[in-house]
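K.L.:
just a sequence and a predicted model for now, questions to come.
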Amino acid sequence: MDILVKRLSAVVIAIGFLAAIVIQQPTITKAQDSTNVDGYRAQLQAQLSDLEKQIAQQQAILDSAQKQEQSLSRDISILNAHIKQAQLAIQARTLAIQQLTSGIGDKQNKIFGLNSQYNAELESLAAIMREKNQLDTASLVVVALSSEDVSEFFSDLATFDQINAHLQESFMEITDTRTQTEAEKADLEEQLEEETQLRQVQQLQQQQIQAQQAQKQKILTETKGQEKTYQAIIAQSKKSAAQIRTALFQLTGSAAIPFSTALEYANQANRETGIRPAFLLAIIRVESNLGQNVGSGVWTVDMKSPRDTVPFQAIAASLGLNPDTLPVSKKPWYGYGGAMGPAQFIPSTWAMYAGYAAPDYKYNQAKDRVGKRTGNTPPNPWEPEDAFMAAAIYLTDNDADKQTTAAEFKAAMCYLAGCGNVNNKSLQFYGEQVADFAVEYQCQIDIITGNSNSKACS
């Protein structure tokens, strides 16, 4: 028995020493690695700040040029500024994604270290408990008859309890830190999802840049740099009211409709929400341009589950549609897709506006803000009339009904890039693009309505 107790005491000391080492084990990587990461981040941030300054400079050029009367030199300057601004924005998004990717990697490494520490301490606790069980089963009489002091026996038991308490405290600290780190990582992943989707959108914008460059070259080729020739080309290119009405308005997830029909839906939305029709048409056009290649998704693969899959099934069921045949956006290499129809609402957002309440997402007509205005109950996100109205409600919730330049810019940024990016210089091309399209549509509306004093057409 004396040998048993001594062995157990030795084990207690050894395990106590091991536990102390484990408890004090650092949860971060080497200081040198941390310094390298911080330096890399600082370098990326400096590059991003420089790009944002350049974007602001291009915006100043655009603002100045757009105040001038239409001329060959002015329009070439505007095209050049648009092209340069878009190129800089793509570079800025790439840097931002690199920053977020680095941050997620750091969090993942920290979680891995915490898991390793947790498992090591768990093994230590298991070993301690096994040895303690042997002490617990030792008869007090046997111990008393042995050469071991009884007080040492109880001291050993107390030592076990002390080590156990330290380990339990350490487990709690590790669990709390791991939970916090996982939450931080999840937040970064959500940001990365948004950044990556925006980057994918910017790849489509690269096509627009190429189109603008081709337009610039065409202007220079046809005019040979002559202002008089350019003004004649502009006069010839202006469409008649009849041409405007019959021109097709392209939509995502739905067949193209005549411009006159699109304008009718926009006017209806104006009467119900106060949104400017030209601005709403511009928003839908940007969504259509950005979403023209993203209707090939599959809801079971591309949507975030259960956030969007559950309301999507409820929406399809209430409309009597087969969810497997409905067009939704395809997810990029990272993140999620699942946006629906011309307004490109994700199911969870559509549910909030169209009367579907969590957790069962049963349709409730009394809470349907879209159907209340269109008369379609339940509303269909793939139907242009409902899509236009839903977009108008969302935009006016973000102050678009004020019809000021600042209010419309803010609403456009919220719709296309997220309200958190309203002041993000590297994303302001979204708001600017909508503003440009809105001017174009306002001119067309003025031609149709016979407004001969249109500022938009000047």
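P.N.:
Good, I have the coordinates.

K.L.:
alpha carbons only for contacts and neighbour counts from here, please
P.N.:
OK.

K.L.:
residue ranges of the strands in the stretch 351-458 of the chain, please?
P.N.:
All strands of the stretch 351-458 of the chain, identified by DSSP state E, counting those that start in this stretch, fall at 355-357, 362-368.

K.L.:
repeat that for the stretch 51-200 of the chain.
P.N.:
Going by DSSP E, counting those that start in this stretch, the stretch 51-200 of the chain shows no strands.

K.L.:
what ranges does it have for its helices?
P.N.:
Taking DSSP state H, counting those that start in this stretch, the helices of the stretch 51-200 of the chain run over residues 72-137, 140-145, 150-223.

K.L.:
possible to save those as TSV with distance to residue 53 and mean neighbour count?
P.N.:
Shown next, in TSV, are those (distance: least, CA to CA, whole Å; neighbours: other CA atoms under 10 Å):
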stretch	distance to residue 53	mean neighbour count
helix 72-137	10	18
helix 140-145	79	13
helix 150-223	19	16
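
K.L.:
out of those, which is closest to residue 379?
P.N.:
helix 150-223 (26.8 Å; CA to CA).

K.L.:
for stretch 115-122, what does the pLDDT average out to?
P.N.:
Averaging pLDDT along stretch 115-122 yields 75.

K.L.:
stretch 320-327 now?
P.N.:
Here the average pLDDT along stretch 320-327 is 94.

K.L.:
in it, which residues are buried?
P.N.:
For stretch 320-327, burial by neighbour count (16 or more other CA atoms under 10 Å) applies to 323, 326, 327.

K.L.:
and the contacts of that stretch?
P.N.:
Contact partners of stretch 320-327, identified using CA atoms under 8 Å, 6 or more residues apart in numbering, comprise 253, 295, 296, 297, 298, 299, 312, 313, 316, 317, 340, 341.

K.L.:
how long is it end to end?
P.N.:
The stretch stretch 320-327 measures 15 Å between its terminal residues, going by CA to CA, to the nearest Å.

K.L.:
got a list of contacts for stretch 272-286?
P.N.:
Counting contacts by CA under 8 Å, 6+ apart, the residues outside stretch 272-286 that touch it are 250-251, 262-263, 266-267, 269-270, 342-343, 373, 388, 391-393, 395-396, 400-403, 408, 412, 433-435, 437-439, 441-442, 445.

K.L.:
starting at the chain centroid, how far to that stretch?
P.N.:
Stretch 272-286 sits 23 Å away from the centroid of its parent chain (CA atoms, centre = their mean, to the nearest Å).

K.L.:
taking the buried residues of stretch 320-327 one by one, which sit in helices?
P.N.:
In helices, judged by DSSP state H, none of those are found.

K.L.:
for the residues you listed, which one is nearest residue 55?
P.N.:
The closest of those, once distances to residue 55 are taken by CA to CA, is residue 327, at 35.7 Å.

K.L.:
ramachandran angles for that closest one?
P.N.:
Backbone torsions for residue 327, taken as degrees, to the nearest 10, come to phi -80, psi 130.

K.L.:
quick check: it vs residue 298, distance?
P.N.:
Taken as CA to CA, the span from residue 327 to residue 298 is 7 Å.

K.L.:
cool, residue 264 as well?
P.N.:
32 Å.

K.L.:
looking at these two, which has the bigger crowd around it?
P.N.:
residue 298 (19 against 14; other CA atoms under 10 Å).

K.L.:
show the model's pLDDT score for the more buried one.
P.N.:
89.
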